[in-house]
Every structure is written in C-alpha cells, then in structure tokens.
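Undergrad: got a sequence here, can you build the structure:
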Amino acid sequence: QLRSGKPPDIVKKTESRIAALDEELALATRREASARARVSPQTKQRVLLIEQAQSRVSRCKKIVYAIVSAIRQDSLLCGYMEAQPVWRARVPVVKCVSSDGAVTLDIVPGNLTAVHNSRLLREYCTSSPLCRQLILLVKMWAAAREVNKAHSGLLSSYGHSLSVIHFLLQRTPPLLRDLQDPELITTLPPNFCNGLDVRFLTAEQAAQLRAPLDAPLPDNPALADLARDYFAYMHTCCTGQNVSNTLTVRPCGEGGGPRAARYRFPRAQWQSTSKRTHDRLSLEDPFERVDSVLPHDIGTTISEEGAHTLLREWARAADILEAGAQSAPAALLQLLKTAAFEAREALAERSLLSAKAKGERMGARANKAKVVEGVRGEKVAVHGEVSSGAALETYDAPPTRSAPAQSSVPLAERAAEECGATSMLREVGACARAAAAIRLIDDAEAYGANGGGRDGENGAGRASAGGVSFKGGG
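TA: Okay, here's the model as predicted:
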C-alpha cells in the first residue's frame, strides 16, 4: 500500500478516531461553558475558596517538614527536644514538646482562621475571669485524663474550650455576653479571612453595647459547683435525643424561645460525607459555620470508642464533684488525677491488701505451728509424768503389807483426754508420784521396824527416786 501511494488502513482508522475525539472534546467544552454560565457567583466563590484551601494545605505539608527539620537541627537553641509533624490532620501541624516537658506547642503554618479563633477565645476570657478559670480547669482535666487528643479519636483541646463557652452562654441567666451577636456585629466594618466572616465584638465593645440591653450578670458561683454543672451538662448533651443537636457559640435559633435552644441547631443541617454516623458530640466552629463556604464540625474527629470514653469521663467528673461538694479542694484534686496515677494507686492498694493478707496467713500459720509444738511438748511431758507415776504404782509391795489401793491414774488420764485439758494430767501425775512415794515410805518404815535395814535403805532409795527425800530406817 505504501508503494502504491495509498495510506494504510490503520492510518485511516486512527484519523477517524481522532476526528471523533475532537468532536467529543468540543461538545464537552461547550457543555462546561454552559454550566459555568448557569453557576451562581456564590458557588463560583465557594469552589474557588475550596481550591485555594486545598492548594494551601498541599503547600503547608511541605512547610511542616521544613519546620521539623529546622527545630531538630537547632534543638538546643530552640529548647524543644521533640518535634513531630502531623500532616494527615485537617490542617498540617507540628507538635513540639520542650526539653523539660513543661511546655507543649503546636505550630500551624498558613492557617489564618486559627489566629482569629484564638483572638475570640482571648476576648471571652478577658470579659469574664470565671470563663478563663473554668476553661483552664477543663483543659487541665482533659490533659490529665488524656481526652484531648483529636488524632486518637477524641475531642481537641480547642473543642473543650468552645464547649465551656457554649455552656456559659446557654445558661439562664447567662454568665457571658455574646461576642457574636448578629444584631451588633453588623455595626462593625467587614472583616473576611479566606472567605469567612471573622467579625466579633471585643470585651469592651460588648460591655458598652450589651450592658444596656441585657440584665446585669449574676454573681459568679463557686468554681467547683460550676464545673460540676458543666460536666453533667456535657454528659446530657451526648445522650438520648440531645445527641441529634449541634452545639454552637453563636445565636442561631429563634430569639423568642428558650435561651439554650438559641445556641444549638439540628445536626442534620451538616452536609457531611463522613462515614461516622454514630452518636457523638457535634460542635460548630465559630467562623467555619454550617452555612459558610468551608463548614467545619469540630466533633468529626470523635470515634465511636472516643465517644464512649468522653461519656465515661464526663460522668466520672460530675460524680466526683457531686460527692465532694463539702470539700471542694479535695474534690478538684481527685478530679485532676491522671488515669496512670489512678492505675498505680489501685495497683499499690491491691499489693498492700495482698501483702496484708499474706502476712496474716503467715502469722496464722506461725501461731498454729507454735500451738501445735506447745501441745506436742505438753503431751510428751504429761505422758512422761503419767508413765513415771504408773511405774511407781507397779512397785511390788511386801507380802506382809496389805496391797495398796488401786491407783486412779488411768481413770484420770482418760478423763483428761476426753476433756482435752493437759494441765489436769500434770496434776494427776504429780499426785500419783506423791502417793507412790508415800507408800514406799510406809513400806520402808515397816521393813525397818522388822529389822530389814538393807531393805529399808533400798526402799528409801526407791522413794528418793520417786521425788520425795527422807532418811531411811527412821
């Protein structure tokens, strides 16, 4: 075919296939242009922001490793001996621990929204010292009980702080002034970060604007009582029908309803693709809201096992503070005991009880051995005494003397064995020896009177062997 100048069949087929693909590409391009024309500006902005966020995360993953490398090279200068990158997190982060273990630090590059979150928390703590104290207490409790690790399927430390603010805002009367009141933040100039509205009132602005509208804040209750109510409230929010709601720190419900209902909304509003459908805590981010371009539910990190762990720890904390209502300092110390410390304490208590029981068993065995040895010694002594008395009793009396009366030693021995009283056997043995000796003395005196001096001396010797000393022949 090449010699004849005609193109091969394979070339014809390839050219026809390329022409068909060009037509399909042109059709797809026209459809895409038509779809883009129908897309609303809000959707375009949302898609653009999502693409920018994905690009920013991919860049931050590279920066994270550079930060870790720099810290490890200058660990003595920086003062942080341990630095671990967590690039699989929603936002890449570097977790650092100081050389003495007293300070933990998270470095998050390229996350400007986190800066505004930290400022919002600072303003809440500035506006109410009680809020700051309760947040610090809850964070200390979460660290001691190891329930602040989001990468382990639990709630982050930031999530625990937001839950405290939500708890103080939803109370009736409230213990905090709302810094994100939609009626008041509209008076502030626009402030957007990554397409998110990050406006909020400062503590001074809230005091000036909200004070004339709201009732005066009530007196601060005791910290232990407030912490007890917080832990009981969090346990209630994750059980029963309450688990279907999302907690928030901004008013989103109807203004005329209960105050607690203003700071929660149905969890079904989240358009989440997560496969975790178990009952867990749902907590909205202050700026990455459910209706924003980048919604963020902070509770998505909680696994099924983590949800059970949080419920158990909230119930434990509430029970400790309820039982220690009369002694708040002791209850707070018990609250902040670490799980490892409680395990060591329980192990030490079990070891102490085991050692005590072992000592009691060894003491009982030793006492038993002493008792048995004493009883054996007493039995040997009694049997010796009884045998001696019986031997003396079997002495052959002279034929001229009337036969002695039958000894009572065997009868006494049987009575003593039946009663189990070894002291009676001692007394009986002594009486038997004395009786036998008296009979020997009488026999010796009788022989001496009849002129049997040698026999009298022999009788005296026998009597002396029986335990009674006397001068024979007399």
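Undergrad: what's the neighbour count on the residue lying closest to residue 239 once chain neighbours are set aside?
TA: The shortest distance from residue 239 to any non-neighbouring residue, by CB to CB, 6 or more residues apart in numbering, is to residue 311 (7.1 Å). (Glycine included, C-beta is placed from N, CA and C.) Around residue 311 there are 17 other residues, counting by other CB atoms under 10 Å.
Undergrad: so residue 223 sits against residue 133, correct?
TA: Yes. In this structure, residue 223 is within contact of residue 133 by CB atoms under 8 Å, at 5.7 Å.
Undergrad: the residue nearest to residue 239: what secondary structure?
TA: helix (DSSP: H, G, I helix; E, B strand; the rest coil).
Undergrad: where along the stretch 1-150 of the chain do the strands fall?
TA: 80-86, 93-98, 104-107 (DSSP state E, counting those that start in this stretch).
Undergrad: of these, flag the one that's most buried.
TA: strand 93-98 (a mean of 18; mean count of other CB atoms under 10 Å).
Undergrad: tilt between that strand and strand 80-86?
TA: On the basis of axes from the mean of the first three to the mean of the last three CA atoms, to 10 degrees, strand 93-98 is oriented at 160 degrees to strand 80-86.
Undergrad: which elements pack onto strand 93-98?
TA: Packing partners of strand 93-98 (3 or more CB pairs under 8 Å, 6 or more residues apart in numbering; DSSP states H and E): helix 41-73, strand 80-86, strand 104-107.
Undergrad: looking at these, spot the one closest to residue 307.
TA: Of all the helices and strands packed on strand 93-98, it is strand 80-86 that lies closest to residue 307, at 21.7 Å by CB to CB.
Undergrad: and that closest one, which strands flank it?
TA: Taking DSSP bridges as the criterion, strand 80-86 forms sheet pairs with strand 93-98 (antiparallel).
Undergrad: how far does the partner strand sit from the chain's center?
TA: 25 Å (CA atoms, centre = their mean, to the nearest Å).
Undergrad: now do it against helix 41-73: the angle between them, please.
TA: Here the directions of strand 93-98 and helix 41-73 differ by 30 degrees (the same axes, to 10 degrees).
Undergrad: what sits up against strand 93-98?
TA: Strand 93-98 is contacted by residues 64, 67-68, 71, 79-86, 103-108 when judged by CB atoms under 8 Å, 6 or more residues apart in numbering.
Undergrad: contacts only, for residue 116.
TA: 193, 198, 287.
Undergrad: from residue 136, how far off is it?
TA: To residue 136, residue 116 is 21 Å away according to CB to CB, to the nearest Å.
Undergrad: could you do residue 88 as well?
TA: Where residue 136 is concerned, residue 88 sits at a distance of 29 Å (CB to CB).
Undergrad: can you check residue 373 too?
TA: For residue 373, the distance to residue 136 - CB to CB - is 66 Å.
Undergrad: so for the two, which residue has more residues nearby?
TA: residue 136 (13 against 10).
Undergrad: okay, that one: pLDDT?
TA: Residue 136 carries a pLDDT value of 95.
Undergrad: please apply the same query to residue 349.
TA: 77.
Undergrad: do the same with the one 10 residues further on
TA: Residue-level confidence at residue 359 comes out at 78, pLDDT.
Undergrad: for residue 65, see how far away it is.
TA: Residue 359 is 58 Å from residue 65, by CB to CB.
Undergrad: and for residue 297?
TA: Distance of residue 297 to residue 65, given as CB to CB: 28 Å.
Undergrad: just residue 315 next, same as before
TA: 41 Å.
Undergrad: before we move on, what about residue 301?
TA: In terms of CB to CB, residue 301 sits 23 Å off from residue 65.
Undergrad: which one of those two has more residues nearby?
TA: residue 301 (20 against 13).
Undergrad: in this structure that one contacts residue 149, no?
TA: No. At 9.1 Å, residue 301 does not count as touching residue 149 under the criterion of CB under 8 Å.
Undergrad: where do the contact lists of the two overlap?
TA: With CB under 8 Å, 6+ apart as the test, residue 301 and residue 149 both reach residue 156.
Undergrad: part of a helix, is residue 235?
TA: Yes. Counting by three-state DSSP, residue 235 is part of a helix.
Undergrad: tell me how many other residues crowd residue 151.
TA: Applying other CB under 10 Å, I find that residue 151 has 12 neighbouring residues.
Undergrad: now it, nearest residue through space, not along the chain?
TA: Using CB to CB, 6+ apart, the nearest residue to residue 151 is residue 86, at 6.4 Å.
Undergrad: specify the beta-bridge partners of that neighbour.
TA: The partner residues for residue 86, given DSSP bridges, come to residue 93.
Undergrad: wait, it sits on residue 68?
TA: No. Using CB under 8 Å, residue 86 is not in contact with residue 68; the gap is 10.2 Å.
Undergrad: could you report the separation of residue 92 from residue 172?
TA: 41 Å.
Undergrad: picking up where we left off before, so can I have CSV of the contacts of residue 116 showing distance to residue 47 and pLDDT?
TA: Below are those laid out as CSV (distance: CB to CB, whole Å; pLDDT from 0 to 100):
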residue, distance to residue 47, pLDDT
193, 18, 85
198, 21, 92
287, 20, 93
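Undergrad: ok, and the most crowded of those?
TA: Of all the contacts of residue 116, the highest neighbour tally under other CB under 10 Å goes to residue 287, namely 23 neighbours.
Undergrad: pLDDT at the nearest residue to residue 109 once chain neighbours are set aside, what is it?
TA: Counting by CB to CB, 6+ apart, residue 109 lies nearest to residue 63, which is 4.7 Å off, once chain neighbours are set aside. As predicted, residue 63 sits at a pLDDT of 85.
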